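K.L.:
A predicted structure for the sequence below; I have some questions about it.
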Amino acid sequence: MDALLYSPTSMAKRPCPSQTPRPQPPLNQMDHTDHLLEAFLALSESPSSIDLSFDRLLESRTSSDADQTLLIDRALRLGSSLLGAANRSARKRASKHNSLAWALPPDLTIKVFSMLDTQSLCYAAATCSLFNKCARDPSCYANIDLTTVVPKVNNAVVSTMIHRAGKALQSLKLGIVPGPTESPGSCQPLVYTIRNSVDVSNFSWNDKRSRQGKESLTLTRSCLSPLVGDNAAPGSLLRRLHLYNVERMDNTSLCGALSACPSLLDLEIVGLHVELRQTLMSVSANCHLIERLFFESSKTGRDDSLNSPTCIDLVNNCPHLTSLALRGFKLQDHKVRILVKGFRKLRYVDFFDIILNHRRLFKSEPWKQHEWESA
């Protein structure tokens, strides 16, 4: 996955061989080179003889150290050229074999790849050129899940995935989750900070990797910018957006991304340093179809920015909301009452660790996971 995704986007593409054709030697010279190469390859079965011959050739150039150096450089270039040619030929043969041996046509292969998770898709794309070509279809990136337990994804990876998906993008999950046993909607807090991270099994930082190298694998506030690009085409049909512990995300970046997602149905925000009021204002203004809203504060009990007009606007502009979770915020009774009684289709609420009139609500309180009967 790393080798496939972390290729720098700013790096100039290598010119296609057809664009820069190499000058072809005369036919008689090609025949001579072919015979010479065939004879040379016949010596591969006796590498010791090649070593002895090369040593004797070096000893014959004892008159000048520069001549010996030049001879060694030529040998290295020849070996590199042969290795490159052999690798290219091996890839071509493997690709041709796979295209003949693979039973499924490209359209069915793309259909199968579209059912894979993001990491498995990257593994498949790195297998051969046939799979790589099929794995680049936009439908394969309709549901992007780049959540990890340690920082290993950066903005360039997210941008590449979103641009490959284009208008086919339906689900996007980004950030760091506390561990594989945690699941969204559970009673345990999902807030996680990189600075307080603990050792995770099956992962270890390279001891020689600098702090700058670690930070290059961290998502920043611009990780959602591709949703707004191309006239907001990638975000226009997005149905699900889950963001976990993207520490550098701010209100402006998040609200800008939400403005490009009018079809959003499911929004989950955990551990972001954004205000509840501004986020709900953006949801109310842009995401009128939303059905599920999960928001866990990164600073439990300290965010009291929500006001009554924002609650009223959210209720009026998002009438389809059926699930509401607000964790770790400081709310007043009448604001909670507006939210709970205002949404006519509400079936599930989660006010875990809410400070309500200086009284903290935990999962044992009746607000937690209450199933509301239809009126």
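P.N.:
Happy to help now that I have it.
K.L.:
quick one, helices of the stretch 201-350 of the chain?
P.N.:
Remark: helices assigned in the stretch 201-350 of the chain by DSSP state H, counting those that start in this stretch are 211-215, 225-236, 251-258, 276-286, 308-317, 333-342.
K.L.:
where does pLDDT dip in the stretch 51-200 of the chain?
P.N.:
Applying pLDDT under 70 to the stretch 51-200 of the chain flags the ranges 179-200.
K.L.:
hang on, the earlier thing: figure out which of the helices of the stretch 201-350 of the chain is closest to residue 118.
P.N.:
Nearest to residue 118, of all those, is helix 225-236, at 15.3 Å by CB to CB. Quick note: C-beta positions are derived from backbone N, CA and C, even for glycine.
K.L.:
pipe the helices of the stretch 201-350 of the chain into TSV and attach distance to residue 95, mean neighbour count and mean pLDDT per row.
P.N.:
Converted to TSV, the helices of the stretch 201-350 of the chain look like this (distance: least, CB to CB, whole Å; neighbours: other CB atoms under 10 Å; pLDDT from 0 to 100):
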stretch	distance to residue 95	mean neighbour count	mean pLDDT
helix 211-215	34	10	46
helix 225-236	31	18	83
helix 251-258	39	20	94
helix 276-286	45	20	95
helix 308-317	53	16	95
helix 333-342	57	16	91
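K.L.:
need these in JSON lines with distance to residue 125, can you?
P.N.:
Shown next, in JSON lines, are these (distance: least, CB to CB, whole Å):
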{"stretch": "helix 211-215", "distance to residue 125": "25"}
{"stretch": "helix 225-236", "distance to residue 125": "19"}
{"stretch": "helix 251-258", "distance to residue 125": "26"}
{"stretch": "helix 276-286", "distance to residue 125": "34"}
{"stretch": "helix 308-317", "distance to residue 125": "41"}
{"stretch": "helix 333-342", "distance to residue 125": "44"}
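K.L.:
residue 98: which of these is closest?
P.N.:
helix 225-236 (31.0 Å).
K.L.:
contacts made by the closest one with the rest, please.
P.N.:
Outside of helix 225-236, the residues within contact range by CB atoms under 8 Å, 6 or more residues apart in numbering are 155, 158-159, 162-163, 165-167, 169, 172, 238, 253, 256-257, 259-263.
K.L.:
angle of it against helix 251-258?
P.N.:
Computed by axes from the mean of the first three to the mean of the last three CA atoms, to 10 degrees, the angle separating helix 225-236 from helix 251-258 equals 30 degrees.
K.L.:
hmm, back to that, so which of the helices of the stretch 201-350 of the chain gets nearest residue 41?
P.N.:
With CB to CB, the closest approach to residue 41 among these belongs to helix 211-215: 42.1 Å.
K.L.:
what about the strands in the stretch 51-200 of the chain?
P.N.:
143-148, 171-176 (DSSP state E, counting those that start in this stretch).
K.L.:
distance from the last one to the middle of the chain?
P.N.:
Going back to what we said before, that points to strand 171-176. 8 Å (CA atoms, centre = their mean, to the nearest Å).
K.L.:
ok, back up a step: looking at the helices of the stretch 201-350 of the chain, which is nearest to residue 44?
P.N.:
Nearest to residue 44 among the helices of the stretch 201-350 of the chain is helix 211-215 (40.4 Å), distances taken as CB to CB.
K.L.:
how close does the nearest residue to residue 91 once chain neighbours are set aside get to residue 83?
P.N.:
Leaving out its chain neighbours, the residue that sits closest to residue 91 by CB to CB, 6 or more residues apart in numbering is residue 129, at 7.0 Å. Relative to residue 83, residue 129 is positioned 19 Å away (CB to CB, to the nearest Å).
K.L.:
neighbour count winner among these two?
P.N.:
residue 129 (15 against 10; other CB atoms under 10 Å).
K.L.:
and of the helices of the stretch 201-350 of the chain, who's closest to residue 74?
P.N.:
Of these, nearest to residue 74 by CB to CB is helix 211-215, at 37.0 Å.
K.L.:
ok, for residue 282, nearest residue in space, not its chain neighbours?
P.N.:
Of all residues not flanking residue 282 in the chain, residue 255 sits nearest, at 4.0 Å (CB to CB, 6+ apart).
K.L.:
which ones are touching the one you found?
P.N.:
Applying CB under 8 Å, 6+ apart, the residues contacting residue 255 are 278-279, 281-282.
K.L.:
one more: residue 292?
P.N.:
Residue 292 neighbours (CB under 8 Å, 6+ apart): 265-268, 321-323.
K.L.:
would you say residue 40 is within a helix?
P.N.:
Yes: using DSSP: H, G, I helix; E, B strand; the rest coil, the assignment for residue 40 is a helix.
K.L.:
now it: how far from residue 82?
P.N.:
From residue 40 across to residue 82, the span is 9 Å (CB to CB).
K.L.:
just residue 268 next, same as before
P.N.:
Residue 268 sits 54 Å away from residue 82, going by CB to CB.
K.L.:
more neighbours: which of these two?
P.N.:
residue 268 (20 against 14).
K.L.:
in stretch 241-251, what's buried?
P.N.:
241-247, 249-251 (16 or more other CB atoms under 10 Å).
K.L.:
can you redo those as JSON lines with distance to residue 135?
P.N.:
Listed next are the buried residues of stretch 241-251 as JSON lines, based on distance: CB to CB, whole Å:
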{"residue": "241", "distance to residue 135": "23"}
{"residue": "242", "distance to residue 135": "23"}
{"residue": "243", "distance to residue 135": "25"}
{"residue": "244", "distance to residue 135": "25"}
{"residue": "245", "distance to residue 135": "28"}
{"residue": "246", "distance to residue 135": "26"}
{"residue": "247", "distance to residue 135": "31"}
{"residue": "249", "distance to residue 135": "29"}
{"residue": "250", "distance to residue 135": "34"}
{"residue": "251", "distance to residue 135": "36"}
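K.L.:
min pLDDT across these, which one?
P.N.:
When the buried residues of stretch 241-251 are compared on pLDDT, residue 247 comes out lowest, with 80.
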